[in-house]
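> Pasting the sequence and the predicted model now:
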Amino acid sequence: MGIDKTESRERGIPKKKYPNDHPYASIQHRVLDSAAYADLTHSARSVLTIITRQMNGNNNGHLQATFSWAKRYGIASEHTLRRAIADLITHGLIYRTRSHGANKAWARYALTWTPIKDRNNLFLDGFKMDSWRDWKPSEKSSLSKVLDLSGIKCSFTTEIPAESAGNSTIKTADYELIPIGGS
């Protein structure tokens with residue numbers, strides 16, 4: 001007979017850890033903490049997770065990002081997927097190792113923070129490890145571009161943002177408060 005859990009703790013026998021036989025997606029902290037990652041759209045982050053999910057330790061460079069694969073994980077349109085892939089390539093987080101082509105062959109990608117072990121049938125002339133480190137933000141961040149295009153401006157001042165948030169003065173009588181009731 002075996003030892004029950006209470007008895008094993010009393011004897012100082014460590015509790016059995018979770019088995020390590022379940023696969024997991026791994027994005028290094030240095031990548032997550034980078035300016036390149038911080039600038040990604042939410043869709044691009046989702047696609048990066050989907051691509052990273054395929055890693056098994058030996059297949060970097062042979063990862064796919066097809067719409068049929070990605071839609072199982074919540075990517076709703078091919079346009080969103082294409083834009084996210086372009087964003088990931090631009091930020092240096094993935095590299096296209098093979099373009100899609102004849103016979104419905106899908107494009108292949110590599111994560112740039114992981115070495116490529118199997119280099120067969122891949123185009124790696126421009127591949128650079130950790131190329132996300134070389135990414136530089138554009139003159140304007142994505143958020144400020146959106147705000148400029150939409151015409152929406154924040155209503156707080158930079159001197160005391162917490163106290164002034166939402167305190168824009170009313171310019172027209174259309175928004176004048178009218179008391180309800182009989183007083």
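Cool, the structure landed.
> Okay, helices next: where are they in the chain?
5-10, 29-32, 35-38, 42-52, 67-70, 78-90, 142-150, 161-164 (DSSP state H).
> what comes up buried for the fifth one?
To tie it back to what came earlier, the one meant is helix 67-70. Burial within helix 67-70, assessed by neighbour count using 16 or more other CB atoms under 10 Å, is assigned to 69-70. Quick note: C-beta positions are derived from backbone N, CA and C, even for glycine.
> any residues touching that helix, and which ones?
47, 50, 75, 78, 81 (CB atoms under 8 Å, 6 or more residues apart in numbering).
> Apply the buried test to those residues and list what passes.
Neighbour-count burial (16+ other CB under 10 Å) is assigned, among these, to 47, 50, 75, 81.
> Serialize those residues to TSV and add fields for distance to Trp113.
Formatted as TSV, the buried ones among the contacts of helix 67-70 follow (distance: CB to CB, whole Å):
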residue	distance to Trp113
Val47	16
Ile50	16
Ile75	22
Leu81	21
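> Between which two of those is the distance greatest?
Ile50 and Leu81 (9.3 Å; CB to CB).
> any residues in contact with both of the two?
65, 70, 75.
> Closest to Leu88 out of these?
For these, the nearest to Leu88 is Ala65 (8.7 Å; CB to CB).
> right, and Trp132 touches Val31 too?
Yes. Using CB atoms under 8 Å, Trp132 and Val31 qualify as a contacting pair, with a distance of 6.3 Å.
> what residues are shared contacts of these two?
Contacts common to Trp132 and Val31, judged by CB under 8 Å, 6+ apart, are 37, 93, 113.
> residues touching the last one, list them.
It refers to Trp113. 27-28, 30-31, 93, 129-130, 132.
> among the residues you listed, who's most crowded?
Counting neighbours by other CB atoms under 10 Å, Leu93 comes out on top of the contacts of Trp113 with 28 neighbours.
> residue ranges with poor pLDDT in this structure?
Counting by pLDDT under 70, the chain contains low-confidence residues at 1-22, 101-104, 140-183.
> and the shared contacts of Trp132 and Val31 as CSV, adding distance to Asp87?
Formatted as CSV, the shared contacts of Trp132 and Val31 follow (distance: CB to CB, whole Å):
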residue, distance to Asp87
Tyr37, 11
Leu93, 9
Trp113, 17
